[in-house]
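Student: would you be able to build a 3D model of this:
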Amino acid sequence: MKWIYILAGILIYAKFLILPNPESSASVLSGVESIVNDSGIPNAVTAIILRNRLYDTIFEVVVFTIATMGVYFLLGNEKPLASIHQFSDQPSIILARLGATISALVGIELAIRGHLTPGGGFAAGVAGGTAIGLIAITSSPDWMMGIYQRYRASFWEKISVLIFIVLSLMTLAGLELPPGQFGDLFSGGVIPVLNILVGIKVALGSWAVILLFIRYRGLF
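Tutor: Reported below is the predicted structural model:
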């Protein structure tokens with residue numbers, strides 16, 4: 001009897017793998033087309049994140065902000081390291097800074113055109129944070145902190161979060177920008193602006209976290 005159950009299970013799984021469900025595929029395709037048509041942008045993933053699931057995305061941004069504040073809270077009472085070991089050989093420095101330049105350019109591209117091509121605000125912020133991290137491992141922590149404070153990166157991070165929340169609430173209330181021409185850079189209403197704001201917030205938040213960990217934990 002046991003072998004009958006095993007054979008039945010194998011046949012059922014073989015059916016799942018070999019025989020697709022055409023009705024399911026058609027419904028998924030029609031759902032994607034509906035999302036793209038309603039949002040006015042070709043990137044359905046960005047449309048879902050910044051339109052269909054905008055309420056959830058607001059709290060995702062808030063959670064990232066709270067995580068950054070948590071790093072400040074946990075490391076604020078510790079003493080900075082007396083010395084921080086960094087890359088000193090010239091080839092490593094050149095490669096790291098070249099990678100930082102490429103990551104920064106990719107981050108800008110993902111933020112500006114993330115609603116048209118694969119990408120978006122979170123991916124742009126990760127690319128920007130990667131660029132900052134590569135610069136941080138080859139530069140003086142005091143110099144990095146001086147740049148962070150001189151350009152008031154913490155202030156602009158908070159401003160980007162506030163603007164994102166305000167625009168998101170306006171969108172949820174039904175106040176939307178003109179959708180523009182499908183496929184154009186200025187299309188999708190407020191979605192490109194939200195992409196850029198999320199990219200700025202994630203990149204600047206990553207900058208703060210990287211500086212704190214290097215200052216109190218070092219690189220290695």
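Student: can you show me the CA trace of stretch 161-176 as CSV?
Tutor: Taking Å, rounded to 0.1, in the frame of the first residue of the first chain, the C-alpha atoms of stretch 161-176 are listed here in CSV:
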residue,chain,number,x,y,z
VAL,A,161,11.8,60.4,4.0
LEU,A,162,9.4,63.1,4.9
ILE,A,163,8.8,64.1,1.2
PHE,A,164,8.4,60.4,0.3
ILE,A,165,5.7,60.0,3.0
VAL,A,166,3.8,63.2,2.0
LEU,A,167,3.8,62.3,-1.7
SER,A,168,2.8,58.7,-0.9
LEU,A,169,-0.1,59.9,1.3
MET,A,170,-1.3,62.3,-1.4
THR,A,171,-1.2,59.4,-3.9
LEU,A,172,-3.2,57.2,-1.7
ALA,A,173,-5.7,60.0,-1.2
GLY,A,174,-6.2,60.1,-5.0
LEU,A,175,-4.0,63.1,-5.8
GLU,A,176,-1.8,62.0,-8.7
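Student: tell me the average confidence for that stretch?
Tutor: Stretch 161-176 shows a mean pLDDT of 89.
Student: give me the phi and psi for residue 119.
Tutor: phi 150, psi -150 (degrees, to the nearest 10).
Student: nearest residue to it other than its sequence neighbours?
Tutor: residue 110 (3.6 Å; Cβ to Cβ, 6 or more residues apart in numbering). In this view, the C-beta of every residue, glycine as well, is placed from N, C-alpha and C.
Student: okay, the most centrally placed residue in the chain and residue 202: tell me how far apart.
Tutor: Central residue of the chain (Cα atoms, centre = their mean): residue 122, 1.2 Å from the mean position. The gap separating residue 122 from residue 202 is 6 Å, by Cβ to Cβ, to the nearest Å.
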